[in-house]
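**Student:** Following is a predicted model, sequence given first.
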Amino acid sequence: MLTFEKVLDAFKDFLATDDMFEVVMTSHGYAILEWDSRMKNWIEAKCCATPQDMAEILLNNYIGTLEYQVTLARRELTEDDLAQIEAQRQIMLAKLQG
């Protein structure tokens, strides 16, 4: 069964090294905040009603970060890039299942 703790554990390395996303506990449950370093402000907050919600949001953020790291927003993703990112996605999904 997927729990918030399991999701946070699966993404702990990503969250520790990426300063754009932060997971916080609020009076309404967990929220994922997105920081814009240029604007010096939070640009988005997403409430995580369930562990599945948290996993989906963090996985999408993780994939987006991988895509940016590969291209630095200077080129389109290649088939090889997409294959490598998909491999990383599968590893993360396995962590969530395990």
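**Tutor:** Looks like it arrived, so ask away.
**Student:** Kindly confirm my reading that A94 is in a strand.
**Tutor:** No: assessed with DSSP: H, G, I helix; E, B strand; the rest coil, A94 is helix; it does not lie in a strand.
**Student:** and it, how far is that from A10?
**Tutor:** To A10, A94 is 9 Å away according to C-beta to C-beta, to the nearest Å. Where C-beta positions appear, they are placed from N, C-alpha and C, glycine not excepted.
**Student:** Please say which of those two ends up with more neighbours.
**Tutor:** Neighbours were counted for A94 and for A10 using other C-beta atoms under 10 Å; A10 has more, 24 against 10.
**Student:** mind checking how far that one is from A31?
**Tutor:** Relative to A31, and taking C-beta to C-beta, A10 is found at 18 Å.
**Student:** ok, now A49?
**Tutor:** Counting by C-beta to C-beta, the gap from A49 to A31 is 10 Å.
**Student:** Which residue of the two possesses the greater neighbour count?
**Tutor:** Neighbour count, other C-beta under 10 Å: between A49 and A31, A31 has more, with 17 against 10.
**Student:** hang on, isn't the more buried one packed against W42?
**Tutor:** No: if you go by C-beta atoms under 8 Å, A31 and W42 don't touch, sitting 10.0 Å apart.
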